[in-house]
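Asks: Next come a sequence and a model predicted from it.
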Amino acid sequence: MGILEKISEIEKEIARTQKNKATEYHLGLLKAKLAKYRAQLLEPSKSSSSKGEGFDVMKSGDARVALIGFPSVGKSTFLSLMTSTASEAASYEFTTLTCIPGVIEYKGANIQLLDLPGIIEGAAQGKGRGRQVIAVARTADVVIMMLDATKGEVQRSLLEKELESVGIRLNKHKPNIYFKIFNAEVLFREDCSPDEFIDVIVGNRVYMPCLYVYNKIDQISMEEVDRLARKPDSVVISCGMKLNLDYLLEMLWEYLALTCIYTKKRGQRPDFTDAIILRKGASVEHVCHRIHRSLASQFKYALVWGTSTKYSPQRVGLTHTMEHEDVIQIVKK
Ligand SMILES: Nc1nc2c(ncn2[C@@H]2O[C@H](COP(=O)(O)OP(=O)(O)OP(=O)(O)O)[C@@H](O)[C@H]2O)c(=O)[nH]1
Ligand SMILES: [K+]
Ligand SMILES: [Mg+2]
């Protein structure tokens, strides 16, 4: 039996199982099984070579943002507007057939923006190039789900379902559960649903911030614009009329939550004009590499001021994790 058949078997069984206390455990097992098979759908097939199949684009810059959306919502128009890369845009669906990277320069950071083919219902099961598109989305730091403001909310919930079905959790934090497999000790540190618990056991989940961007607001009424703009995690724009793009960048910056580090020379004030921009969780070693390739090998210790240390300053080693707006002074051997 192929994976798709197995999946549909399990889905059928879930559908015909009545949901109550007595069946809860059984349903949980079924869902875990389903999650496992669905995840396999995302793995490259063994038979076909991966050449030209995926949309592998080298990660570059300080962060990666993927554009996900139905065909013709304006993803390519957006990329061409925000970056110096031109991506073909047209009024027919599936104009874009591969992954096209561009770079947004903002607050001294280089943000890699990825234009992708439109995806449709069933994408997660391989419809269109959905699987490859979603695999790229998985590697992003933030997903921009672009929506056509003139179309109803159905596209949004369909896409959310597709991403959800392959273990991508949007705007959710990783459930705070700890588990030990040998004696099956389970510690619930918060109220969790069975689905959340399964996510932790299965493990292959990604939790990522998502901005819902409603494009083409030049086509709808002010009342409707106002309604969409008030939704959580949502921004309204018009690529056609260049409306609200600055605000979108501000929001994107917030959702990326990059770590800005300031350097300081001995006896001098920190240089607040030129931040080193790193991903969350970056270490002193990352800072060194950013300053100079050979700096880490000459490193003796560093002094850090800021929220990552108990004392300000504090002497730290290469493995110390930096936090946003820390100041660092590096002392060489
Ligand atoms: N009215 C209006 N039209 C827009 C806007 N942004 C894009 N369009 C139009 O929408 C159509 C589709 O734009 P694309 O950028 O090709 O859309 P896409 O999402 O990249 O489409 P695919 O690559 O086919 O998935 C084009 O005709 C654009 O000119 C906008 O803000 N307002
Ligand atoms: K298009
Ligand atoms: Mg396109």
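Replies: Nice, I can see it. Ligands and ions are numbered 1, 2, ... in the order given.
Asks: what's the neighbour count on Tyr212?
Replies: 23 (other CB atoms under 10 Å). All C-beta spots, glycine's among them, are computed from the backbone N, C-alpha and C.
Asks: Downstream of the host helix or strand of it, the next helix or strand is which one?
Replies: When elements are assigned from DSSP states H and E, Tyr212 belongs to strand 210-215. Scanning forward in sequence from strand 210-215 by DSSP H and E, the next helix or strand is helix 222-229.
Asks: quick one: contacts for the closest residue to ligand 1 within the stretch 201-333 of the chain?
Replies: Closest to ligand 1 within the stretch 201-333 of the chain is Gly240: 3.1 Å, counting by CB to the nearest ligand atom. Contacts of Gly240 were listed using CB atoms under 8 Å, 6 or more residues apart in numbering, and they are 74, 77, 216, 218.
Asks: Just flag the most distant two among those.
Replies: Using CB to CB, these reach their maximum pairwise distance at Thr77 and Asp218, which is 12.2 Å.
Asks: who has more neighbours, these two?
Replies: Thr77 (22 against 15).
Asks: What average pLDDT does the host helix or strand of that one get?
Replies: For Thr77, the element it lies in under DSSP H and E is helix 75-82. Computed over helix 75-82, the mean pLDDT rounds to 98.
Asks: Now do the next helix or strand after that helix: which elements does it pack against?
Replies: Next helix or strand after helix 75-82 toward the C-terminus (DSSP H and E): strand 100-106. Applying 3 or more CB pairs under 8 Å, 6 or more residues apart in numbering; DSSP states H and E, one finds that strand 100-106 contacts helix 75-82, strand 109-115, helix 245-256.
Asks: does any part of strand 100-106 sit near ligand 2?
Replies: No. Applying CB under 5 Å from the ion, one finds strand 100-106 out of contact with ligand 2, separated by at least 12.7 Å.
Asks: tilt between that strand and helix 245-256?
Replies: Between strand 100-106 and helix 245-256, the angle comes out at 90 degrees (axes from the mean of the first three to the mean of the last three CA atoms, to 10 degrees).
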